[in-house]
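no letters, just coordinates:
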Ligand code: FES
């Protein structure tokens with residue numbers, strides 16, 4: 001019989017372009033089956049409302065906006081189950097960082113700035 005922890009440590013990589021990054025670790029109440037996104041939402045709701053992350057469809061695996069690095073592996077935060085061990089959540093390393101867990105995941109041809117530049121000849 002396994003015992004469930006009451007809480008787990010979740011470390012979040014924080015940062016922004018031009019700012020030295022750092023990590024912050026939070027003690028998150030654990031529920032069996034909770035997702036990494038559930039943990040990040042709990043942190044933002046209960047501890048630090050300034051953490052930047054993005055999601056939309058939640059569990060439908062349709063929007064892909066919640067893609068982050070979980071313990072070094074690219075995952076959808078909404079479907080990745082939170083480990084009972086400590087977890088580190090960071091931004092995707094192969095995308096341009098916007099802030100904290102948010103990266104620029106929009107394909108270049110869907111980027112409004114690029115579309116306007118192409119339209120205006122620049
Ligand atoms: S929130 Fe849409 S895929 Fe995770």
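That came through, no problem. From a predicted model like this one, the values you see are computed outputs, not experimental measurements.

what packs against the biggest helix by length in the chain?
Longest helix in the chain, counting residues (DSSP state H): helix 36-46. Contacting helix 36-46 under the criterion 3 or more CB pairs under 8 Å, 6 or more residues apart in numbering; DSSP states H and E are the following elements: strand 7-16, strand 19-29, strand 87-90. Quick note: C-beta positions are derived from backbone N, CA and C, even for glycine.

my read: residue 61 touches residue 78, true?
Yes - under the criterion of CB atoms under 8 Å, residue 61 lies in contact with residue 78, with a separation of 7.5 Å.

which of those two has more residues huddled nearby?
residue 78 (24 against 11; other CB atoms under 10 Å).

nearest residue to the more buried one in space, please, no chain neighbours.
With sequence-adjacent residues excluded and distances taken as CB to CB, 6 or more residues apart in numbering, residue 78 is closest to residue 37, at 4.4 Å.

list the contacts for the one you found?
Under the criterion of CB atoms under 8 Å, 6 or more residues apart in numbering, the contact list for residue 37 reads 55, 58, 66, 77, 78, 80.

local confidence estimate at the residue lying closest to residue 34 once chain neighbours are set aside?
Beyond its immediate neighbours in the sequence, the residue positioned closest to residue 34 (CB to CB, 6+ apart) is residue 82, lying 5.0 Å away. According to the prediction, residue 82 has pLDDT 97.
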